[in-house]
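Q: mind looking at a prediction? Sequence and model below.
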Amino acid sequence: MANGLRVLNLAEARFECTFGRGCEGICCRNGRPPLHAGDEQRIRNHLAQFVPLMRAEARALLLREGFLTRRKKSGLFTVRVVAGWCIFFHNGCVLEQAGRMEGDRLLYKPVECALFPLEQNARGDWFVRQKDYGREDWDLPCLDPATSGQAAAESLREELALVERMESGLAPERFPLRQS
Ligand code: SF4
């Protein structure tokens, strides 16, 4: 349990994001996160804040074709990729950089990116994605408990707090949680 939230493997899970300290942001390379209606609307509403932070080639594509592809994941349209990286990637996540300026780095991120590596299974139980746990097939060093430097319960405090807000109905702009 984390502040009342049940996360199946939180006690033993380890996770440390090493972006800028060894990792160049692999999770944003060809990541194509799916956007829920709330994610899409939030990004559209604040697009003017993100555009100046974007790569020139990403900005050009955004103005020409928008930030969504017609490709779907889990029934939802996905974010465009430019030159192998998420359209919102520029020395890190542009949406995260904009959020940090307002004191909340998760504020504008699509829920799938904001919660990573937290996920719900088919029964609605939350778990931390870890190498060799469940059906994990993404070979990211940060998901390997043998090499990750921090307890997930510590490193994911903000993500866990967001899940709690979502579970409590206090983040209605986020996607509806899967029912257990
Ligand atoms: S979450 Fe993992 S893959 Fe993504 S930037 Fe951080 S260390 Fe890299």
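A: Thanks, I have it.
Q: tell me the spacing between the closest residue to Ala11 other than its chain neighbours and Gly134.
A: Distances taken as C-beta to C-beta, 6 or more residues apart in numbering place Ala153 nearest to Ala11, at 7.4 Å, with adjacent residues excluded. Every C-beta, even on glycine, is put in place using the N, C-alpha and C of the backbone. Relative to Gly134, Ala153 is positioned 18 Å away (criterion: C-beta to C-beta, to the nearest Å).
Q: is the nearest residue to Gly31 once chain neighbours are set aside bridged to anything, and to what?
A: Counting by C-beta to C-beta, 6+ apart, the nearest residue to Gly31 once its immediate chain neighbours are dropped is Cys86, at 5.2 Å. In this entry, Cys86 is beta-bridged to Val81, by DSSP bridges.
Q: looking at Ala153 and Gly134, which has the bigger crowd around it?
A: Neighbours around Ala153 and Gly134, counted as other C-beta atoms under 10 Å, are more numerous at Ala153. The numbers are 19 against 12.
Q: give me the most central residue, this protein.
A: Taking C-alpha atoms, centre = their mean as the criterion, Cys113 is the residue nearest the geometric centre of the chain, at 0.9 Å.
Q: in what helix or strand does that one lie?
A: Element membership of Cys113, judged by DSSP states H and E, is helix 111-115.
Q: is any residue of that helix near the ligand?
A: No: Helix 111-115 does not reach the ligand (C-beta under 6 Å from any ligand atom); its nearest approach is 9.2 Å.
Q: immediately after that helix, which helix or strand?
A: Following the chain from helix 111-115 toward its C-terminal end, the next helix or strand by DSSP H and E is strand 118-120.
Q: and the contacts of the helix or strand just after that next one?
A: Counting by DSSP H and E, the next helix or strand C-terminal to strand 118-120 is strand 126-128. Strand 126-128 has contacts (C-beta atoms under 8 Å, 6 or more residues apart in numbering) with 5-10, 13, 15, 117-121, 133-134, 152, 156, 163.
Q: settle this for me: Pro152 is touching Arg14, isn't it.
A: Check again: residue 152 is Ala, not Pro. Yes: contact between Ala152 and Arg14 holds when scored by C-beta atoms under 8 Å: they sit 5.9 Å apart.
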